[in-house]
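> Curious how this folds, go ahead:
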Amino acid sequence: MARLGAGVRKRDDGTLEKRFTINGKRYSVYGKTSKEIVQKEQELRKKIELGIYTPNRNITLDGYFKEWIEAKRNSIKGSTLKTHISYYNKHISIKLGKRKIQQIERREIINFQSELVKTLSVSTVNSIIKTLKMILYDAINDEIIVKNPAENIKAVKETGKKATETYHRALTEEEQRAFMQEIKNDYYYEFIAMLLCSGMRSGEAAALTWNDVDYEKNVIHITKTVTFTEKGVLIVGDSPKSDAGKRDIPINDTIKSVLQRQLAKMGNIVPMRNNNIFVSVYGGLIYSHAINRAISDALKRLEKKGIHIDHFTAHALRDTFATRYIEQGGQPQTLKNILGHNSLAMTMDLYAHVLPNTKQKEMENLKISI
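Below you'll find the predicted structure:
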């Protein structure tokens, strides 16, 4: 076991603590490695020297958040960082930012949660409170507080129906035919067709390069996704939504035709292997809102023709693919892998509503000798 430096001890939770004294006052820093606590000690000494250090008993939530978000920059994705900053600045800071952390009470957070529910969706409220809990848990590790005042506050429950009753918006076959016919001449037709016939997420399709198309194995490799940085810049991220998101999607004739159409749109020029298959009208990465706008415009045109289809977004194309897949006899376990879900339960919770519609057909095809 490596020897700890002077003033360093290992705590019960496995983290390291370094204690030191400046002008008769004792200070402590914490970290997982010796390198981390050396760095934190240097930073703390510098703050004290410049007169900008705030003792634990006086630090406000705003003051601590600045330190907290800075520490998170090297450990979480830019899009997640952006979300935390947005939730904090737009909601948490306004209500609790000026409060000293040691004085924040559980009832304040409950009242805060109740106010949020009046104007925001349940899922957004729960995400905001989750961010607040994360901040306060780390305040415990930094020994600013001994207990998280938000610890036992329960998430707000959805009052609507279960996913199996409401499910994601999936087009009927009639809606699907009318919509795809209407959008056939749109610039983003091939991109939309790829979502519909593969079940990819919009960000996954936007990140595809020609190198991801493996004709030898007859699959498309899904290894990355388009995401936002902390500053809201669209980039290609290193990985999809989850580990299960890294997957291979089999290529069928429909997918081949979409790829051929896209290649023809590019002038039948053999693409560079690392070039994106789909690009925006400006030649850059495709934003999901550009696809949603194209969908909305097509729905408006259909409405003028007397064909009404309830509004939907690009994600409905993924849901429509999954629905058609099960309707036409596809196995849920295989669908789980194609969609990149972490569990079969997730797939079934979203699409089990389709199964009753296939029971009669399957029973008619079942032959049992008696």
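> Double-check residue 60 against residue 104; I have them as touching.
No. With contacts counted by CB atoms under 8 Å, residue 60 stays clear of residue 104, the gap being 9.6 Å. Every residue, glycine included, has its C-beta placed from N, CA and C.
> Which parts of the chain belong to which domain?
1-53, 58-159, 170-355 (automatic domain parsing).
> can you tell me how far residue 50 sits from residue 325?
Distance of residue 50 to residue 325, computed by CB to CB, to the nearest Å: 61 Å.
> higher neighbour count, the two?
Legend: neighbour count by other CB atoms under 10 Å for residue 50 and residue 325, higher for residue 325 (19 against 8).
> got the contact list for the more buried one?
199, 335, 338 (CB atoms under 8 Å, 6 or more residues apart in numbering).
> In JSON lines, list the residues you listed along with secondary structure.
Converted to JSON lines, the contacts of residue 325 look like this (DSSP: H, G, I helix; E, B strand; the rest coil):
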{"residue": "199", "secondary structure": "coil"}
{"residue": "335", "secondary structure": "helix"}
{"residue": "338", "secondary structure": "helix"}
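> what about the nearest residue to residue 199 once chain neighbours are set aside, how many neighbours?
Nearest non-adjacent residue to residue 199, counting by CB to CB, 6 or more residues apart in numbering: residue 321, 4.0 Å away. The number of residues packed near residue 321 is 21, by other CB under 10 Å.
> so residue 321 makes contact with residue 193?
No. If you go by CB under 8 Å, residue 321 and residue 193 don't touch, sitting 10.8 Å apart.
> would you list every one of the helices in the stretch 101-250 of the chain?
Secondary structure of the stretch 101-250 of the chain by DSSP state H, counting those that start in this stretch: the helices cover 106-117, 122-141, 163-166, 173-182, 189-198, 202-207.
> what angle sits between the host helix or strand of residue 302 and helix 189-198?
Secondary-structure assignment from DSSP states H and E places residue 302 in helix 288-304. On the basis of axes from the mean of the first three to the mean of the last three CA atoms, to 10 degrees, helix 288-304 is oriented at 90 degrees to helix 189-198.
> by contact count, what packs against helix 288-304?
Helices and strands touching helix 288-304, by 3 or more CB pairs under 8 Å, 6 or more residues apart in numbering; DSSP states H and E, are helix 173-182, helix 189-198, helix 202-207.
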